[in-house]
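Chemist: turn this into a model:
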Amino acid sequence: MASNGRVRLVDVAERAGVSMKTVSNVVNGYAHVQPETRARVQLAIDELGYRPNLTARRLATGKTGMIALAMPEIDHPYFGELARHVAEIASSRGYRVIIEQTLGDEAAERAVLRDREAGLVDGVIFQPVRIATLEIARLHRDLPLVLLGEVEAPVTTDHVMIDNVRAAADVTDHLLAGGRTRIGFLGMVEGDITMTNNRRLLGYQEALIRAGLPLDPRRMLTVGGFAPEDAAEAVRGALTDGPEFDALVCRDDRFAAGALAALREHGASVPDDVAVVGWDDSALAEWTWPALSSLAPDKHELARVAFDLLSERMNGVTGVGRHRIVPHSVHARASAPPA
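Modeler: Here you go, the predicted structure:
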């Protein structure tokens, strides 16, 4: 052990009875280490409290072994669950993850690409809200980057998403197959600048048109904010003053939870009177009453594809940005059971 008390690579090697090269391979996540050897080295690392020297690693390899995951809200169920998948996949490949919360602030989004992560990470997985496409292209330069969400990606930047138009149509088709004909959309948020809801609204409308049903703008509910209470308030208003509806497509599971509360207050039975479908298939969906049907993006696949693309960029892949669509499904539960 060094005189300053810092645990060194050689200390781990001696404790595990292996070479320093083997310890280095384990620390850097190389796949060809035998499982029993990896376990022995990891035990020594844990017992000694070894921490890699990131500065030394960067000098030796040009890499830090860290990536950043930048997202609008870390307390949103979808982003929290996505972060878990990214962290697990990154860890299995020998990387650690720095989580950045931008809150949809343009300056914070710009900082992710321009200076906040400079020299700290080898690449960034990023779901922007406000920053423009041209600015993304200008700021990230040689920083390996993969974008998530509905933002328009620069021509040289990789992009992973689900097909929100198709997904919204699939949710609406699920409700139509169950005999619903007066389906509402919850909802359009005042001041929302993202493209996500616009695409979901488009898919909802396309499904109704294919079914030969009229588009009633009054069933496309406007919501004052992003909280469940905002959604509940919009549903209360619609139940009191608006047109009748027998189903709701909700922008996320939090809105769906708010809708369920408002319907319960009104004495409406779910799903007998009104069927409700959320979005994101978060852990929340199984614990509402009744259990919530929800559009389920394949979050693990989204994280895997994003990390794979980023890994290739970090290892020198160049060229035109790649666009990947990952699967989704409708997870039917009691709030909108299968036909």
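Chemist: what about residue 94, how many residues close to it?
Modeler: 14 (other C-beta atoms under 10 Å). Quick note: C-beta positions are derived from backbone N, CA and C, even for glycine.
Chemist: residue 145 too?
Modeler: 28.
Chemist: again with residue 264
Modeler: 13.
Chemist: quick check: it vs residue 307, distance?
Modeler: Distance from residue 264 to residue 307, counting by C-beta to C-beta, to the nearest Å: 41 Å.
Chemist: equivalent analysis for residue 279, please.
Modeler: Between residue 279 and residue 307 the distance, using C-beta to C-beta, works out to 23 Å.
Chemist: list phi and psi for residue 297.
Modeler: Dihedral pair for residue 297: phi -70, psi 150, per degrees, to the nearest 10.
Chemist: now residue 71
Modeler: Reported as degrees, to the nearest 10, the phi and psi values for residue 71 are phi -140, psi 160.
Chemist: surely residue 302 and residue 82 touch.
Modeler: Yes - taking C-beta atoms under 8 Å as the definition, residue 302 is a contact partner of residue 82 at 6.7 Å.
Chemist: and the strands in this protein?
Modeler: Along the chain, counting by DSSP state E, strands occupy 66-71, 96-101, 123-126, 145-148, 158-161, 183-189, 220-223, 247-250, 275-279, 293-297, 323-325, 328-331.
Chemist: ok, which of these comes nearest residue 316?
Modeler: strand 123-126 (11.8 Å; C-beta to C-beta).
Chemist: helices or strands up against the closest one?
Modeler: Secondary-structure packing of strand 123-126 (3 or more C-beta pairs under 8 Å, 6 or more residues apart in numbering; DSSP states H and E): strand 66-71, helix 106-114, strand 145-148, helix 299-314.
Chemist: how about low-confidence regions in the stretch 151-300 of the chain?
Modeler: Scanning the stretch 151-300 of the chain for pLDDT under 70 picks out 193.
Chemist: now do the helices in it.
Modeler: Taking DSSP state H, counting those that start in this stretch, the helices of the stretch 151-300 of the chain run over residues 164-177, 196-210, 228-241, 253-266, 299-314.
Chemist: deepest of those, which one?
Modeler: helix 253-266 (a mean of 22; mean count of other C-beta atoms under 10 Å).
Chemist: that one packs against which elements?
Modeler: helix 77-92, strand 183-189, helix 228-241, strand 247-250, strand 275-279.
Chemist: just the C-alpha atoms of the first one, please, in CSV.
Modeler: What follows is the C-alpha trace of helix 77-92 in CSV, where atoms were taken according to Å, rounded to 0.1, in the frame of the first residue of the first chain:
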residue,chain,number,x,y,z
PRO,A,77,-40.7,7.4,-13.0
TYR,A,78,-39.8,6.9,-16.6
PHE,A,79,-36.5,8.6,-16.4
GLY,A,80,-35.7,7.0,-13.1
GLU,A,81,-36.3,3.5,-14.5
LEU,A,82,-34.4,4.3,-17.7
ALA,A,83,-31.4,5.5,-15.6
ARG,A,84,-31.4,2.2,-13.7
HIS,A,85,-31.2,0.3,-17.0
VAL,A,86,-28.4,2.5,-18.4
ALA,A,87,-26.4,2.2,-15.1
GLU,A,88,-26.8,-1.6,-15.0
ILE,A,89,-25.7,-2.0,-18.7
ALA,A,90,-22.8,0.5,-18.3
SER,A,91,-21.6,-1.3,-15.1
SER,A,92,-21.7,-4.7,-17.0
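Chemist: neighbouring contacts of it?
Modeler: 29, 67, 69, 71-74, 96-97, 99, 125, 127, 252-254, 280, 282-284, 297, 299-300, 302-304, 306-307 (C-beta atoms under 8 Å, 6 or more residues apart in numbering).
Chemist: angle of that helix against helix 299-314?
Modeler: Calculated by axes from the mean of the first three to the mean of the last three C-alpha atoms, to 10 degrees, helix 77-92 forms an angle of 50 degrees with helix 299-314.
Chemist: enumerate every residue touching residue 248.
Modeler: 183-186, 235, 256, 259, 274-277.
Chemist: got CSV for these, with distance to residue 221 too?
Modeler: Shown next, in CSV, are these (distance: C-beta to C-beta, whole Å):
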residue, distance to residue 221
183, 12
184, 6
185, 7
186, 5
235, 7
256, 13
259, 9
274, 13
275, 15
276, 13
277, 14
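Chemist: pick out the shakiest of the helices and strands packed on strand 123-126, pLDDT-wise.
Modeler: Among these, helix 106-114 carries the lowest mean pLDDT, a mean of 89.
Chemist: just the buried positions in that one, please.
Modeler: For helix 106-114, the neighbour count (16 or more other C-beta atoms under 10 Å) marks 108-114 as buried.
Chemist: residue 288 and residue 180, how far apart?
Modeler: On the measure of C-beta to C-beta, residue 288 and residue 180 end up 19 Å apart.
Chemist: go on, residue 242?
Modeler: Distance, residue 242 to residue 180, by C-beta to C-beta: 16 Å.
Chemist: the more surrounded of the two?
Modeler: When residue 242 is set against residue 180 and neighbours are counted by other C-beta under 10 Å, the residue ahead is residue 180, at 22 against 16.
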